[in-house]
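Visitor: Take a look and give me a structure for this.
(chains A and B)
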Amino acid sequence: MTTFLQQLVNGLSLGSIYALIALGYTMVYGVLRLINFAHGDVYMVGAYVGYYVSRRLQGREPSIGSALLVMLVAMVVCGILGILIERLAYRPVRREARLTLLITAIGVSLFIENAAQLVFGPDPKFFPSLAPRADFHFAGMRLTSEQITVIAVSVLLMVLLRFFILKTRTGKAMRAVSFSLDAAKLMGISTDWIISVTFALGSALAAAAGVLIAMQIPKIDPLMGIPYGLKAFVAAVLGGIGSVPGAVLGGLLIGTSEVMVVGYLSSTYRDAIAFGILILVLILRPQGLLGRVQKEKV
Amino acid sequence: MRFRALAVVCLSAILAGTVSCGSKGSQKEIVIGEYGSLTGGIATFGISTKNGSELAFDEINKKGGVLGKQVKLLVEDDQSKPEEAGTVVTKLINQNGVCAVLGHVASSHSLAAAPICQSNQIPMISPSSTNPRVTQVGNYIFRVCFIDPFQGAVMAKFAADTLKLKKVAILVDVRSDYSVGLQTFFRQQFRQLGGEVVVEQSYSQGDSDFRAQLTAIKAANPEAVYLPGYYTEVGTIVHQARELGITVPFLGGDGWDSPKLWEIGGAALNGCYFSDHYSTDDPNPAVQKFVADYKAKYGQTPDALAALAYDAARILADAIQKAGSTDGSKIRDALAATKDFPGVTGSISINADRNAVKPAVILKVENGKFLLTETIKPEAVKL
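Guide: Numbering: from 1, shown residues only, chains lettered A, B, ... in the order given. Next up, the predicted model:
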């Protein structure tokens, strides 16, 4: 039982990372109907920004303040990167066919991965410890401060995001754009601005995920975004792409099921089960767990 | 029609390669190829190997070279991807016309490139791939290190006889031929010696979160964990294991031997053991001279992979000298006849399976240093 609970905690902390990344996929899909394949790479850039900032801070005592600073810088830098990606790569082809946009996204992803190998070097790097460490024993389980941080920060960011989307003017505009881009434009909403904000928010969340995972693992490399990006994408589809609570639910489900499969079956079935669940959900409920059915408009 | 033209181009390229290598006397230098991972997850393996073979060829060239010619080493990077190994070796053979190939450290990479060397009849020496299947590819494939059945058994013997362990867990990299090989032979030998493997878990190279496996291992309460992986994952795994409260030692193989291991895992690795090919503590003057020369040239202590590459390069040069030619089949015959070659990793004789028979050492990780704990001779282990 203790082992099961411990695995559950492992799964939830991995799942929160997936959820944070999945939010970016789902939000961008919501406003642009685009699968932003470069999103996993933004997450990787976030981890690297965190790495370089924390190298700057090294020598100081690890403290919660410096950990927060590292995360904030990474989120701001990646937010700007997200806006740049949208401005330079997606906006010029936004009115083109959906396929053009999709292929552009794949191109951006390959560009970032290879540029990162050039700039950061292809060898893995190791994240220094930022926050003071502590272990908590609870019902025979061992919770590290990092695991608690991951879960707590993720929950906090998701609550903030929900507040932003539901309670602010910009959030309302975002929902309007996601409902109908053209109608929102006719109502006087600056859709370009809203799309930029969406990219910035999604990318900042991915950067937070990147720093959180780097603090835990602590290995980072330029291709780390590929597996996490893929799993988070699956999580977004599983939860219903375009749905914010769906992305969170999908992330937690994928994370927990992966950990349970590895812990109780074998690591070789890990991806098979994760993708098996996806196929099953898509057959039984094509719109995803919390997604809404969209009527094709003619 | 276009296909035929393509085939002709390919064939002539292959022929050009063989001719430029086979034609002796016309060239001023002897070109030898090396493929390794200079970047990526196992980059220090490739860099150490490159340094070791370069040091050997520099010394040989200073003494007048081989067959009166200077040796030129061409090194290609496969970015730590097994599938790239085949591509770069094809390039070395067909485009650069090398007469012999050195490499690789990782068995999966060697297994990707060996069939290409075999079909082109170009001798290949792997300095440090320990999976038995590597030299089984064909009679042009050699190695200058021991093989996994021995290496796995050595650690099992050390665990059972020296550490007096009864219950161990195994965590294996299922995507690595090397790791799976060591796992099989360790388990077999450890059971023969009266031990019990309480749990076996697996991961794949490139994974970064190992908590699920480690939680399952912790629940089985072993006295040690056998982790036959490569240093990047090993460092990460041991780091995460200590966080989860696993305090028992980890045991491993020569894939641990990297200056980066300590950088990744840090103090979490203290008290862990791994099997390896040689120790810098060896008082043999040849070893001490090699260590001093290497330090003078590259500013760091040579790991076992550098030492094996140094030996592989010297054995190859020796074979070309004895063959009196750069012809692939003559070099092959000379290599096969290598006996009691005085290498820095011990006396090297190539057996009928084209493997080297040598003792292994057990090293203990202690504050960033690898301390010689025990030497185990080939005859001490019954396979």
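Visitor: Give me the neighbour count for the nearest residue to residue B:332 once chain neighbours are set aside.
Guide: Excluding the flanking residues, the one nearest residue B:332 by C-beta to C-beta, 6 or more residues apart in numbering or on different chains is residue B:123, at 4.8 Å. Every C-beta, even on glycine, is put in place using the N, C-alpha and C of the backbone. Residue B:123: 28 surrounding residues under other C-beta atoms under 10 Å in any protein chain shown.
Visitor: and residue B:123, what is it in contact with?
Guide: B:100, B:101, B:117, B:140, B:141, B:142, B:316, B:319, B:328, B:331, B:332, B:335 (C-beta atoms under 8 Å, 6 or more residues apart in numbering or on different chains).
Visitor: Show me those residues that map onto helices.
Guide: The helices, defined by DSSP state H, take in B:117, B:316, B:319, B:328, B:331, B:332, B:335 from the contacts of residue B:123.
Visitor: And these, which of them are buried?
Guide: Among those, the ones that count as buried by 16 or more other C-beta atoms under 10 Å in any protein chain shown are B:117, B:316, B:319, B:328, B:331, B:332, B:335.
Visitor: Quick check: the two most widely separated of those residues?
Guide: Using C-beta to C-beta, the pair of these lying farthest apart is B:117 and B:319, separated by 14.8 Å.
Visitor: What backbone torsions are found at the closest residue to residue B:340 other than its chain neighbours?
Guide: Closest residue to residue B:340 apart from its sequence neighbours, by C-beta to C-beta, 6+ apart: residue B:347 at 5.3 Å. With angles defined as degrees, to the nearest 10, residue B:347 sits at phi -70, psi 130.
Visitor: And for residue B:347, the neighbour number?
Guide: Residue B:347: 13 neighbours (other C-beta under 10 Å).
Visitor: ok, now residue B:302?
Guide: For residue B:302, using other C-beta under 10 Å, the count is 27.
Visitor: can I assume it sits in a helix?
Guide: No: per DSSP: H, G, I helix; E, B strand; the rest coil, residue B:302 lies outside any helix segment and is coil.
Visitor: Tell me the spatial nearest neighbour of it, not counting adjacent residues.
Guide: residue B:294 (4.1 Å).
Visitor: And the one you found, how far from chain A?
Guide: 21 Å (C-beta to the nearest C-beta, to the nearest Å).
Visitor: Then residue B:124?
Guide: For residue B:124, the distance to chain A (C-beta to the nearest C-beta) stands at 25 Å.
Visitor: residues contacting that residue?
Guide: Per C-beta under 8 Å, 6+ apart, neighbours of residue B:124: B:100, B:101, B:102, B:103, B:110, B:113, B:114, B:117, B:118, B:140, B:141, B:142.
Visitor: same thing with residue B:164?
Guide: With C-beta under 8 Å, 6+ apart, residue B:164 has no contacts at all.
Visitor: so which helix or strand takes in the residue in the stretch 151-298 of chain A positioned nearest to chain B?
Guide: In the stretch 151-298 of chain A, the residue that lies nearest chain B is residue A:262 (3.8 Å; C-beta to the nearest C-beta). Assigned by DSSP states H and E, residue A:262 falls within helix A:244-264.
Visitor: name the helices or strands packed onto the helix or strand just after that helix?
Guide: Remark: after helix A:244-264, the chain's next helix or strand is helix A:270-284, criterion DSSP H and E. Packing contacts for helix A:270-284, counted by 3 or more C-beta pairs under 8 Å, 6 or more residues apart in numbering or on different chains; DSSP states H and E, involve helix A:225-239, helix A:244-264.
Visitor: Rebuild those helices as TSV, extending it with mean pLDDT and distance to residue A:97.
Guide: Listed next are the helices and strands packed on helix A:270-284 as TSV, based on pLDDT from 0 to 100; distance: least, C-beta to C-beta, whole Å:
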stretch	mean pLDDT	distance to residue A:97
helix A:225-239	92	21
helix A:244-264	92	26
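Visitor: With mean neighbour count and distance to residue A:20 as new columns, can the ones you listed be given to me in TSV?
Guide: Listed next are these as TSV, based on neighbours: other C-beta atoms under 10 Å in any protein chain shown; distance: least, C-beta to C-beta, whole Å:
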stretch	mean neighbour count	distance to residue A:20
helix A:225-239	25	8
helix A:244-264	24	7
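Visitor: out of those, nearest to residue B:290?
Guide: helix A:225-239 (40.6 Å).
Visitor: residues contacting residue B:211?
Guide: A:10, A:14, A:259, B:240, B:244.
Visitor: Confidence-wise, which helix or strand of chain B is lowest on average?
Guide: Least confident helix or strand, chain B: helix B:2-22 with a mean of 52, by mean pLDDT, DSSP states H and E.
Visitor: And the pLDDT for the residue in the stretch 251-383 of chain B that chain A sits nearest to?
Guide: Nearest residue of the stretch 251-383 of chain B to chain A, counting by C-beta to the nearest C-beta: residue B:264, 5.4 Å away. Reading off the confidence values, residue B:264 has pLDDT 85.
Visitor: Would you confirm that it belongs to a strand?
Guide: No: under three-state DSSP, residue B:264 sits outside any strand and is assigned helix.
Visitor: residues near the residue nearest to it when sequence neighbours are not counted, how many?
Guide: Spatial nearest neighbour of residue B:264, chain neighbours left out: residue B:235 (2.7 Å); criterion: C-beta to C-beta, 6+ apart. Residues within reach of residue B:235, counting by other C-beta under 10 Å, total 26.
Visitor: that older thread, ok, the residue nearest to residue B:340 - contacts?
Guide: Residue B:347 sits in contact with B:340, B:341, B:358, where contact means C-beta under 8 Å, 6+ apart.
Visitor: out of these, which are inside helices?
Guide: Using DSSP H, none of the contacts of residue B:347 sit in helices.
Visitor: Is residue B:90 in contact with residue B:119, as I believe?
Guide: No: Residue B:90 is beyond contact range of residue B:119, at 10.3 Å (criterion: C-beta atoms under 8 Å).
Visitor: in the chain, what spans have low per-residue confidence?
Guide: No chain in the question, so chain A it is. For chain A, the stretches with pLDDT under 70 are A:59, A:294-298.
Visitor: should've been chain B
Guide: Applying pLDDT under 70 to chain B picks out residues B:1-27, B:383.
Visitor: How about the residues of it by chain A?
Guide: With C-beta under 8 Å from any C-beta of the partner chain as the criterion, chain B meets chain A at residues B:39-41, B:43, B:79, B:174, B:201-204, B:206-209, B:211-213, B:215-216, B:218-219, B:232, B:235-236, B:239-240, B:243-245, B:263-264.
Visitor: tell me the domain boundaries of chain B?
Guide: Domains of chain B are assigned by automatic domain parsing as B:2-146+B:284-350, B:148-276+B:361-380.
Visitor: still on that earlier bit, a markdown table for the contacts of residue B:124, including distance to residue B:157?
Guide: Formatted as a markdown table, the contacts of residue B:124 follow (distance: C-beta to C-beta, whole Å):
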| residue | distance to residue B:157 |
| --- | --- |
| B:100 | 35 |
| B:101 | 34 |
| B:102 | 31 |
| B:103 | 30 |
| B:110 | 26 |
| B:113 | 32 |
| B:114 | 30 |
| B:117 | 34 |
| B:118 | 34 |
| B:140 | 33 |
| B:141 | 28 |
| B:142 | 27 |
